[in-house]
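In: Turn this into a structure:
(one chain, ligands or ions: 1)
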Amino acid sequence: MCGIVGYVGNKQVVPLIIDGLRKLEYRGYDSAGIAVVNDGHNLEIRRAEGKLRNLEETIRLSPIDGTYGIGHTRWATHGRPTEENAHPHRDCTGRVVVVHNGIIENYIQLKERLRKTDHRFVTETDTEIIAHLIEEFLKQDQSFEQAVRSMVAELRGIFALSIINADEPDTIIAVRQGPPVVIGLGDREFFVASDIPPILQHTRDVFFLGDGELAIINKDAVRVIDFEGNPVQPAIQRITWDPIMAEKGGFKHFMLKEIYEQPRSVRDTVQGRISLDSGQVFLDEFSNITEADFKRFSSIKIAACGTSWHAGLAGKYMIEQLARVPVDVDYASEFRYRNPVMGEDDLLIFCW
Ligand code: GLU
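Out: Okay, here's the model as predicted:
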């Protein structure tokens with residue numbers, strides 16, 4: 001699962017967001033990006049494939065600054081992990097930008113509809129349609145807030161979003177339908193993030209956005225409403241953890257935290273991959289292997305070591321039960337030195 005960090009205030013936003021994204025690195029990612037507005041209205045975006053340090057290098061070569069912005073580490077579900085597909089994503093005007101955690105299940109239908117009204121898409125992601133939908137509603141003279149509400153009414157799936165409209169300065173709209181969104185309340189500065197650690201060194205007063213809610217954040221205040229526009233009173237809490245405790249999520253030991261995190265880790269891993277409505281599985285990285293190819297495989301070998309070997313064993317039980325195809329799990333360290341019996345219709349999966 002990806003990470004989102006946003007900030008509105010008076011501090012320089014770039015180091016703050018990069019530092020925040022680093023604290024979310026544990027969630028895993030394949031690319032990263034940042035959008036910053038400076039001089040009140042210039043919107044600038046930097047993105048990079050791979051590690052966060054690649055994004056830092058991109059920013060070092062082409063600096064940006066500003067006092068509000070949004071950042072993202074991506075864990076691709078739709079579209080390859082490339083710089084073009086890295087968030088933030090823009091509308092046609094380049095004024096509306098969005099970062100997204102989750103999956104939009106009906107993005108293909110929405111994309112087809114928007115293409116008919118001359119929207120141009122430049123990425124392979126499901127996320128990009130969000131910016132274009134907002135653009136469409138802004139064109140109908142809706143306010144930024146209304147346009148975001150109209151947009152969420154069109155989406156099916158799960159999403160945590162942070163959105164900027166460069167024509168509405170010093171404002172971020174955060175949205176939650178599924179993945180967590182935490183809002184940090186500082187002194188004339190506000191934070192939005194996927195988890196508490198990026199916020200904690202700046203403020204200890206936070207609240208979690210509920211499902212079906214959105215927060216309109218600007219320099220002076222945060223207002224929370226539900227998707228129908230009704231006001232919501234957020235349950236603000238003071239976090240008393242020190243930074244080490246925060247890393248441990250309030251647990252006494254990392255081991256205990258990891259034990260309790262198992263349901264979430266499993267949920268986060270599959271969340272962007274399975275449609276809760278249709279049960280459809282999305283494996284974009286394997287788009288070059290067709291369904292017919294998958295059906296042809298008569299046996300599967302999994303080569304792995306250590307923990308991934310144990311994961312392979314769990315995989316063997318599941319695959320055999322679901323697909324009725326025999327699965328062997330081999331030690332990868334041995335596999336490379338022997339002469340395994342492999343046929344044309346065998347699938348070999350390497351795990352690490
Ligand atoms: N579905 C989006 C994408 O593939 C967001 C993935 C994420 O949560 O990082 O870009």
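In: Quick check: residue 193 touching residue 27?
Out: No. Residue 193 is beyond contact range of residue 27, at 11.1 Å (criterion: Cβ atoms under 8 Å). C-beta: built from backbone N, CA, C; applies to glycine.
In: State the distance from the closest residue to the ligand within the stretch 1-150 of the chain to residue 72.
Out: Distances between the stretch 1-150 of the chain and the ligand by Cβ to the nearest ligand atom are smallest at residue 2, namely 2.9 Å. Per Cβ to Cβ, to the nearest Å, residue 2 is found 6 Å from residue 72.
In: still on that earlier bit, next, the contact list for the residue of the stretch 1-150 of the chain closest to the ligand, please.
Out: Residue 2 sits next to 27, 29, 72-75, 87, 101, 194 when contact means Cβ atoms under 8 Å, 6 or more residues apart in numbering.
In: hmm, which two among those residues are most spread apart?
Out: Farthest-apart pair in the contacts of residue 2 is 27 and 87; separation 13.9 Å (Cβ to Cβ).
In: Overlap in contacts, residue 193 and residue 27.
Out: residue 3.
In: thinking again about what came up before, where do the contact lists of residue 2 and residue 72 overlap?
Out: Common contact partners of residue 2 and residue 72 (Cβ under 8 Å, 6+ apart): 87, 101.
In: least trustworthy helix or strand in this protein by mean pLDDT?
Out: Least confident helix or strand of the chain, by mean pLDDT, DSSP states H and E, is helix 243-247 with a mean of 74.
In: and it, what does it pack onto?
Out: Judged by 3 or more Cβ pairs under 8 Å, 6 or more residues apart in numbering; DSSP states H and E, helix 243-247 is in contact with helix 197-200.
In: try 6 Å this time
Out: The contact analysis (3 or more Cβ pairs under 6 Å, 6 or more residues apart in numbering; DSSP states H and E) places helix 243-247 against no helix or strand.
In: Is any residue of the next helix or strand after it near the ligand?
Out: Scanning forward in sequence from helix 243-247 by DSSP states H and E, the next helix or strand is helix 254-271. No. Using Cβ under 6 Å from any ligand atom, we find that helix 254-271 stays clear of the ligand, coming within 8.2 Å at best.
In: what pairs with the spatially most central residue of the chain across the strands?
Out: Most central in the chain under Cα atoms, centre = their mean is residue 101, positioned 2.7 Å from the mean C-alpha point. When bridges are called by DSSP bridges, residue 101 pairs up with residue 160.
In: Distance check, it against residue 223.
Out: Taking Cβ to Cβ, one finds residue 101 at 22 Å from residue 223.
In: now swap in residue 297 and tell me
Out: From residue 297 to residue 223 the distance is 54 Å (Cβ to Cβ).
In: which one of those two has more residues nearby?
Out: Counted by other Cβ atoms under 10 Å, residue 297 and residue 223 do not tie: residue 297 has more neighbours, with 16 against 13.
In: and this protein, which residues reach the ligand?
Out: Within the chain, the positions near the ligand by Cβ under 6 Å from any ligand atom are 1-2, 74-79, 100-103, 125-127, 272.
In: if we go to 8 Å?
Out: Contact residues (Cβ under 8 Å from any ligand atom) of the chain with the ligand: 1-2, 29, 72-79, 85, 87, 100-104, 125-127, 179, 272, 284.
In: In strands, which of the residues you listed appear?
Out: Among the residues of the chain next to the ligand, DSSP state E puts 72-74, 100-104 in strands.
In: Buried ones among the residues you listed?
Out: Buried residues within these, counting neighbours by 16 or more other Cβ atoms under 10 Å: 72-74, 100-104.
In: just checking, residue 174 touches residue 191?
Out: No. Counting by Cβ atoms under 6 Å, residue 191 is not a contact partner of residue 174; they are 10.0 Å apart.
In: Just the pLDDT at residue 292, thanks.
Out: Looking at residue 292, its pLDDT is 89.
In: Please work out how many residues are found near residue 63.
Out: Residues lying near residue 63 (other Cβ under 10 Å) number 10.
In: On the three-state scheme, it is what?
Out: Under DSSP: H, G, I helix; E, B strand; the rest coil, the three-state class of residue 63 is coil.
In: Give me the nearest residue to it, chain neighbours excluded.
Out: Leaving out its chain neighbours, the residue that sits closest to residue 63 by Cβ to Cβ, 6 or more residues apart in numbering is residue 14, at 8.0 Å.
In: Would you state the strands of the stretch 51-200 of the chain in chain order?
Out: Taking DSSP state E, counting those that start in this stretch as the criterion, the stretch 51-200 of the chain carries its strands at 68-74, 89-90, 96-104, 157-165, 171-177, 182-185, 190-193.
In: Columns mean pLDDT on top of those, output as a markdown table?
Out: Shown next, in a markdown table, are the strands of the stretch 51-200 of the chain (pLDDT from 0 to 100):
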| stretch | mean pLDDT |
| --- | --- |
| strand 68-74 | 97 |
| strand 89-90 | 98 |
| strand 96-104 | 95 |
| strand 157-165 | 95 |
| strand 171-177 | 97 |
| strand 182-185 | 97 |
| strand 190-193 | 98 |
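In: So which of those is nearest residue 142?
Out: strand 157-165 (11.2 Å).
In: Name the residues that touch that closest one?
Out: The contact list for strand 157-165 (Cβ atoms under 6 Å, 6 or more residues apart in numbering) reads 4, 6, 70, 96-105, 144, 172-179, 181, 192.
In: still on that earlier bit, could you report the pLDDT at the residue of the stretch 1-150 of the chain closest to the ligand?
Out: As predicted, residue 2 sits at a pLDDT of 81.
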